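Asker: Got a sequence here, can you model it:
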Amino acid sequence: MKLDKFLVAVSISIFLLAGLFNFLYELYARSGISFDLTGTVVAGFLGWATFYAGGAGKDGLKKGIPANLSGVLWGVIIVLIWQVLNFNLFGAFLAVAVGAGMMCFQAHLKWFSFIPGAFIGCSTFFALGAGVAGATLFPAVIGLLLGLLFGYISEVFAVWIKTKVLRG
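Answerer: Predicted structure coming up:
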């Protein structure tokens, strides 16, 4: 088996940055600051995945940011529709049908064309509790954006590792 130097560099880069990301979150969580960001690391890893799934580089950011954020918005809309329909079985069907359908339909617009990114954003919102309040929305949005940023940094760092450390 021949190792791909760039893949090795990405592995090293993400090894270091993922550990750093979680470490910084733990420092923040233990600092006593009352602004609760529980779930930010989970959301961050989903944003990071979006970056690479979107093709990495500037394209990963251009596709990932609007897609992830629109997905969070559709998650909120799903919850609001379901709430209006008193959280019944029909409401669940209708709310999810509308949200999922619209995450696909919005792909007609160039900025929102990355359907998997929208589903990742929506899933992040639900994974963090699906609360239509800051306790869910802030960690979801902040985490997704940080994850996309860490994805970009990890790619730049990997290129540096490949050319300067692995020489190739």
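
Asker: Just give the closest residue to the most centrally placed residue in the chain, not the sequence neighbours.
Answerer: In the chain, the centroid-proximal residue (Cα atoms, centre = their mean) is residue 47; its distance is 2.3 Å. Spatial nearest neighbour of residue 47, excluding adjacent residues (Cβ to Cβ, 6 or more residues apart in numbering): residue 147 at 2.4 Å. C-beta coordinates here come from the backbone N, C-alpha and C atoms, glycine included.

Asker: what does residue 128 give?
Answerer: Excluding the flanking residues, the one nearest residue 128 by Cβ to Cβ, 6+ apart is residue 39, at 4.0 Å.

Asker: Sort out which residues of the stretch of helix or strand residue 80 belongs to are buried, please.
Answerer: Assigned by DSSP states H and E, residue 80 belongs to helix 57-84. For helix 57-84, burial by neighbour count (16 or more other Cβ atoms under 10 Å) applies to 60-61, 63-79, 81-82.

Asker: Beyond that helix, next helix or strand please.
Answerer: Once the chain leaves helix 57-84, the next helix or strand it forms, by DSSP H and E, is helix 89-105.

Asker: Next, count neighbours for the residue nearest to residue 128.
Answerer: 21 (other Cβ atoms under 10 Å).

Asker: how far away is it from residue 68?
Answerer: Noted for residue 39: a distance of 14 Å to residue 68, by Cβ to Cβ, to the nearest Å.

Asker: how about the residue nearest to residue 47, what does it touch?
Answerer: Residues near residue 147 by Cβ atoms under 8 Å, 6 or more residues apart in numbering: 43, 44, 45, 46, 47, 48, 49, 50, 51.

Asker: Can I get those in a markdown table including secondary structure?
Answerer: Shown next, in a markdown table, are those (DSSP: H, G, I helix; E, B strand; the rest coil):
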| residue | secondary structure |
| --- | --- |
| 43 | helix |
| 44 | helix |
| 45 | helix |
| 46 | helix |
| 47 | helix |
| 48 | helix |
| 49 | helix |
| 50 | helix |
| 51 | helix |
